[in-house]
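Trainee: just a sequence and a predicted model for now, questions to come.
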Amino acid sequence: MAAVHITLPDNSVRTFDHEPTVLEVAKSIGPRLAKDTVGGLINDEKEVSDLRRILKDGTRLKIVTLAMPEALEVIRHSAAHVMAQAVQELWPDVKVTIGPVIENGFYYDFSSPRPFTPDDLLAIEKRMEQIIARDLEVVKEDWSQDQAIKTFDKMGENFKVEIIRDLGEKSVSVYKQGDWFDLCRGPHVQRLGVIKAVKVLSLAGAYWRGDEKNPQLQRVYATAFTDKKDLAEYLHNLEEAKKRDHRKIGKDLGLFYFHPLSPGGPFFAPKGALIYNQLQNFVREKYIQYGYKEVITPQIFDVDLFHRSGHYANYKENMYFTKVEERDFSLKPMNCPGHCLLYSTELRSYRDLPWRIADFGRLHRFERSGVMHGLTRVRTFCQDDAHIFCAMEDIQSEIRSFMVMLNDIYNSLGLTNYTIFLSTRPAQRMGSDAVWDRAENALADALKDLKLPYTVNAGDGAFYGPKLDIMFVDALKRPWQLGTLQVDFNLPEAFDLKFIGADNKDHRPVMLHRAILGSLERFIGVYLEHTAGHLPTWLTPTQVAILSVTDSQNDYCLELERKLKAEGVRVEFDQRSEKLGFKIREAQLQKIPYMLVIGDKEKAAGNVSVRLKSGATKYGLNFSDFVSKLKCEIQERSLHSPWTGEASAQDATVT
RNA sequence: GCCCAUGUGGCUCAGGGGUAGAGCACACCCUUGGUAAGGGUGAGGUCGUGAGUUCGAGUCUCACCAUGGGCUCCA
């Protein structure tokens, strides 16, 4: 056989007289490296390959060792096998299914005759640790499809048999550790002992292959690391995430509440409503700038409207219906059908287009009971919704303008990390394939034209058209869908919308559905988690707290309060006869950006001492200067304090 | 909707067959104290709802409602 050459990252070349495995290449370099090898990155692929993979001549190889971040993927893959082994050692009647690696760990889905309990999870973790302590060698074997099916069938592992059948490969790989084995394509570690830390995290129901018609399985979530310290840090971060939970922040800051008599219906308390309205006003200002006109349309419509729009046929599981005096009505789940009615109230000319109408209308969608979640998934909400009626040839420029507006708004809010997804036609849809082709191409072309990178989500579009979804990635690296833009050729057709063109003939407009914040409810939830409740000053319910040292400054404090209010600043004067430290603590917990600490010194000098929530303190400031700087910060919707430059919102630390 | 868990004063939680507890918050009083919790007193709960078991049920059983973690769906 001709010599086989393997190129390493430093461009050095190793030569073999046969096609070597990743591990063999590592051994040829050194025993220490070989011992630490957990896999290989081949030809710049993103996924780690198994260390037992045989390499062809000319392969470029980067050996993945325990010290590298990519090792986690391999460790977790093997840890999933350890979990499956642990479960089957504890309960031999439990059947295994699949156990993939996910973002921060892995899970394994089991088919168990009885549900697992929290105590079981502890038992699983303990048994996993015992198995790891055995430091078993992991051995890969290639079985014929026939042999694999026979073996797993005999064991009663019917899910595995189904997987092997569906794979339809002549041979499949099986990984053995001791006398336990599992069908798997890898990658896996050499010996289980390199898994230094495992933690079983939680339990959930899941359906076989994600289809609710299939049997329900028990999904056990867990994570694994190469180092106990990394696990400790991960668990710490989980705690941090809990502290930022918008439901907790909302309660702590008195922003919003829920009541069992309106599941999924948030109550915005005064402070929450203030944030809500500030955001709405912010978007309203942008509407003027970007050529939108705001409209107000009805809440409730005769069901005929939704028959016509297609919502009844495609969306009725999510709609609220009511019958009044023998007539069927529905609360609107979306604004678009109403906007079509509004469009058709007048004869439209091509000179009127693009007609951009915005609507903060309240929407109601009957979400299934298990899907509600704080503010991010509710049954009544309001979008920063707008529809653009335009001619076909305007689509691209409208999409561009939308992306510019979105970027403008996100930047103002400090949301700089987002990605774009293009969702294409779903199975349940209206309209012809030719129409869908046009719509999908229009979106793709506009993005290419703008040189914006995007990912295609095949089959994820709305029933009436393809869409762009803007996913914002928050401070804890979690993705959220906020903005969206949907191209719709179907509603204009359904409502027979027209405009008179320059040729004096009727033309069909295209309708674009778009939102930038998404829903105000969800946006507030996401933004609270992103900022850990440290909102920019313009958005924060109480901007200034006046804290008197003793009662004898009350008159001066009242005067300051009156002046601030006159300037439109949201101020609270804490008059209680509590000690200063106590008042500061409370203001701090309420995340109030500025505290005016007023004692005899300030009163005598007629100035103010300002404590920022970071703890930074400026003594003896001129009050008028303070007010004008503060007003400037608020009016500019700045994300930074003019006194310290510290960020008021972004990447705020949890306190 | 499905699986699992949870539901005790406004909030955070303890108590697990013999009739309700703590801390914080709240009210009143004392304290007037300079940068993250001063002290005292008091009020406040048909223990999610409804049935059942029992001499007796926050406590055990069942159903329902809500919430939480997921699945599925989605702004």
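Mentor: It's in. Numbering: from 1, shown residues only, chains lettered A, B, ... in the order given.
Trainee: in chain A, which helix or strand is least confident?
Mentor: helix A:228-243 (a mean of 81; mean pLDDT, DSSP states H and E).
Trainee: check whether it contacts RNA strand B.
Mentor: No - Helix A:228-243 lies out of reach of RNA strand B by CB under 7 Å from any atom of the strand, never closer than 9.0 Å. C-beta here means a position set from N, CA and C on the backbone, and glycine is covered the same way.
Trainee: quick one: that helix to chain centroid distance?
Mentor: Helix A:228-243 sits 19 Å away from the centroid of its parent chain (CA atoms, centre = their mean, to the nearest Å).
Trainee: report the buried residues of that helix.
Mentor: Neighbour-count burial for helix A:228-243 flags A:L231, A:Y234 (criterion: 16 or more other CB atoms under 10 Å).
Trainee: same question for stretch A:470-484.
Mentor: Of the residues in stretch A:470-484, those buried (16+ other CB under 10 Å) are A:I470, A:M471, A:F472, A:D474, A:A475, A:W480, A:L482, A:G483, A:T484.
Trainee: next: stretch A:49-63.
Mentor: Here stretch A:49-63 shows A:S49, A:D50, A:L51, A:R52, A:R53, A:L55, A:T59, A:R60, A:L61, A:K62, A:I63 as buried, counting by 16+ other CB under 10 Å.
Trainee: elements contacting the helix or strand containing A:D166?
Mentor: For A:D166, the host element (DSSP states H and E) is helix A:158-167. Applying 3 or more CB pairs under 8 Å, 6 or more residues apart in numbering; DSSP states H and E, we find helix A:158-167 packed against strand A:95-96, helix A:145-154, strand A:180-183.
Trainee: CA atoms of stretch A:54-64 as CSV?
Mentor: Extracted C-alpha coordinates of stretch A:54-64, given in CSV (Å, rounded to 0.1, in the frame of the first residue of the first chain):
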residue,chain,number,x,y,z
ILE,A,54,-9.7,5.6,10.1
LEU,A,55,-8.0,8.4,8.2
LYS,A,56,-7.5,8.5,4.5
ASP,A,57,-4.4,9.8,2.7
GLY,A,58,-4.2,13.6,2.7
THR,A,59,-6.4,14.1,5.7
ARG,A,60,-5.9,17.2,7.8
LEU,A,61,-6.2,16.3,11.4
LYS,A,62,-6.4,18.3,14.6
ILE,A,63,-6.2,16.0,17.6
VAL,A,64,-8.7,16.8,20.3
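Trainee: what is the mean pLDDT for it?
Mentor: Taken as a whole, stretch A:54-64 has a mean pLDDT of 85.
Trainee: which residues does it contact?
Mentor: A:2-9, A:19-22, A:25-26, A:29, A:33, A:37-44, A:48, A:70-71, A:74 (CB atoms under 8 Å, 6 or more residues apart in numbering).
Trainee: repeat for stretch A:588-606
Mentor: Stretch A:588-606 has contacts (CB under 8 Å, 6+ apart) with A:252-253, A:533-535, A:537, A:540, A:542-550, A:552-553, A:556-557, A:560, A:572, A:580, A:584, A:587, A:608-613, A:617, A:620, A:623, A:626, A:630, A:641, A:648, A:655.
Trainee: give me the distance from it to the chain's centre.
Mentor: 39 Å.
Trainee: report the buried residues of that stretch.
Mentor: A:588, A:590-599, A:602-603.
Trainee: check stretch A:631-645 too.
Mentor: Across stretch A:631-645, burial judged by 16+ other CB under 10 Å covers A:E633, A:I634, A:S638, A:L639, A:H640, A:S641, A:W643.
Trainee: just give me the closest of the buried residues of stretch A:588-606 to A:V220.
Mentor: Closest approach to A:V220 among the buried residues of stretch A:588-606 (CB to CB): A:K591, at 37.2 Å.
Trainee: quick one: name the residues of the stretch 451-600 of chain A near RNA strand B.
Mentor: Residues of the stretch 451-600 of chain A lying near RNA strand B (CB under 7 Å from any atom of the strand): A:460, A:462, A:469, A:481-482, A:484, A:515, A:518-519, A:521-522, A:549-552, A:577-582, A:584-585, A:588-589, A:595, A:597-600.
Trainee: how about 6 Å then?
Mentor: A:462, A:481-482, A:484, A:518-519, A:521-522, A:549-551, A:577-582, A:584-585, A:588-589, A:597, A:599-600 (CB under 6 Å from any atom of the strand).
Trainee: just these: which are in strands?
Mentor: Taking DSSP state E, the ones among these that sit in strands are A:Q481, A:L482, A:T484, A:G518, A:S519, A:V597.
Trainee: so how far is stretch A:262-282 from its chain's centroid?
Mentor: On CA atoms, centre = their mean, the centre of stretch A:262-282 falls 21 Å from the chain's centre.
Trainee: rounded mean pLDDT for it, please.
Mentor: Mean predicted lDDT for stretch A:262-282 stands at 94.
Trainee: enumerate the positions of that stretch that are buried.
Mentor: A:G264, A:P266, A:F268, A:A269, A:K271, A:G272, A:L274, A:I275, A:Y276, A:Q278, A:L279, A:F282.
Trainee: picking up where we left off before, pick out the lowest-pLDDT one from the buried residues of stretch A:470-484.
Mentor: A:A475 (74).
Trainee: neighbours around A:L342, how many?
Mentor: For A:L342, the neighbour count with other CB atoms under 10 Å is 18.
Trainee: do the one 3 residues further on as well
Mentor: By other CB under 10 Å, the residues close to A:T345 number 7.
Trainee: out of the residues of the stretch 451-600 of chain A next to RNA strand B, list just those in helices.
Mentor: Counted as lying in helices by DSSP state H, out of these, are A:E521, A:R522, A:L580, A:G581, A:F582, A:I584, A:R585, A:Q588, A:L589, A:D600.
Trainee: which of these are buried? Put it as a ChimeraX command.
Mentor: One line in ChimeraX is enough to select the buried ones among those; burial here means 16+ other CB under 10 Å:
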select /A:521,522,580,584,588
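Trainee: dump the ones in helices among the residues of the stretch 451-600 of chain A next to RNA strand B to JSON lines, plus distance to A:R508.
Mentor: Below are those laid out as JSON lines (distance: CB to CB, whole Å):
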{"residue": "A:E521", "distance to A:R508": "34"}
{"residue": "A:R522", "distance to A:R508": "33"}
{"residue": "A:L580", "distance to A:R508": "68"}
{"residue": "A:G581", "distance to A:R508": "68"}
{"residue": "A:F582", "distance to A:R508": "67"}
{"residue": "A:I584", "distance to A:R508": "63"}
{"residue": "A:R585", "distance to A:R508": "63"}
{"residue": "A:Q588", "distance to A:R508": "58"}
{"residue": "A:L589", "distance to A:R508": "57"}
{"residue": "A:D600", "distance to A:R508": "75"}
